[in-house]
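S.K.: Below: sequence and its predicted model.
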Amino acid sequence: MTPTLFTLSLCFTLALTGLSFHRTHLLSALLCLEGMMLSLYLALSLWTLQLDSPAFSLSPMLLLAFSACEAGIGLALLVATSRTHGTDRLQAMNILQC
Amino acid sequence: MSYMMSVLLVGLVLGFIAVASNPSPYFAALGLVFVAGVGCGVVACWGGSFLSLVLFLIYLGGMLVVFAYSAALAAEQYPESWFSWPVLVQAVFYSVVVLVALVYLEGGWFFFSVMPAEDADKFFLFRADISGVALMYSSGCWMLLLSAWALLLSLFVVLELTRGLERGTLRAV
């Protein structure tokens, strides 16, 4: 496996496990999600340049646009949570607990 | 030059370990800024100077600044940096996973295919990434309009999410 492919796959997997094993804050889960988007952007950019396909350089730009949408909506959810529950700690979100 | 590329790739993995071990969001945002900077270096070393600039401007200068502001919502009295015990355990676990994957997957062309092989004795004006992104305005115009429409819709979604029952959208938390 080439080093760049290995590194980018590893980065995506690390950010995914960071999102899965989030601990206290909702914002740290959102930051791991942003890390996944960053690793996908780097992967698409590097594949554009490594495989000599200039037209594929559209896809990191479009990925960045949709990732901005997703980050904005995630932060709006964080603000809404902080307004209703008073904090963004995940222990406070237990209204569905029986 | 290949040492610089190797250092940048190692820095990328270390930065992602620092983010994924879930410290307090102040430190995780700092780790993400570091990772974005190192990633810009990786893309620029492979010849994508425009895509690297876009990453710096839009991702670092737009999105991560907003995350840094929102980190004020996660303020706590004793923020956990990477030197506190639970974060350190997770970071060590991720480092072990990285080393195991490295041992398992190396071999063949692993240590020889680090640098791009292109002719570097001339300066080209039309790089691959700039010419490709210019296609977004000619052949890919519908995707441009679709992404602009999606951004506009996400603005309305954000306004609706933060509206709540009363007291409006634009207020202090």
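M.R.: It's in. None of the values given here were measured: they were computed from a predicted structure. Numbers count the residues shown, from 1 in each chain, chains lettered A, B, ... in the order given.
S.K.: Isn't B:Ser49 up against B:Ala128?
M.R.: No: at 10.3 Å, B:Ser49 does not count as touching B:Ala128 under the criterion of CB atoms under 8 Å. For every residue, glycine as well, the C-beta is placed using N, CA and C.
S.K.: ok, and the closest non-adjacent residue to B:Cys40?
M.R.: Nearest non-adjacent residue to B:Cys40, counting by CB to CB, 6 or more residues apart in numbering or on different chains: B:Ser52, 4.4 Å away.
S.K.: helix or strand for that neighbour, which one?
M.R.: helix B:49-54 (DSSP states H and E).
S.K.: could you say what helices and strands that helix packs with?
M.R.: When contacts are defined as 3 or more CB pairs under 8 Å, 6 or more residues apart in numbering or on different chains; DSSP states H and E, helix B:49-54 sits against helix A:26-50, helix A:58-85, helix B:25-45, helix B:128-134.
S.K.: Show residues contacting that helix.
M.R.: Contacts to helix B:49-54, defined as CB atoms under 8 Å, 6 or more residues apart in numbering or on different chains, come from residues A:45, A:48, A:57, A:60-61, A:64, B:40-41, B:43-44, B:127, B:129-130, B:133.
S.K.: run the last query once more with 10 Å
M.R.: For helix B:49-54, the external contacting residues (CB atoms under 10 Å, 6 or more residues apart in numbering or on different chains) are A:41-42, A:44-46, A:48-49, A:57, A:60-61, A:64, B:37, B:39-46, B:48, B:127-134.
S.K.: Also stretch A:87-95?
M.R.: A:22-30, A:77-79, A:81-82, A:84-86, B:25, B:70, B:73-76.
S.K.: Now for the closest residue to B:Met4 other than its chain neighbours, how many residues are close by?
M.R.: Nearest residue to B:Met4 in three dimensions, chain neighbours excluded: B:Cys45, at 6.9 Å (CB to CB, 6+ apart). Using other CB atoms under 10 Å in any protein chain shown, B:Cys45 has 22 neighbouring residues.
S.K.: I am finished for the moment; much appreciated.
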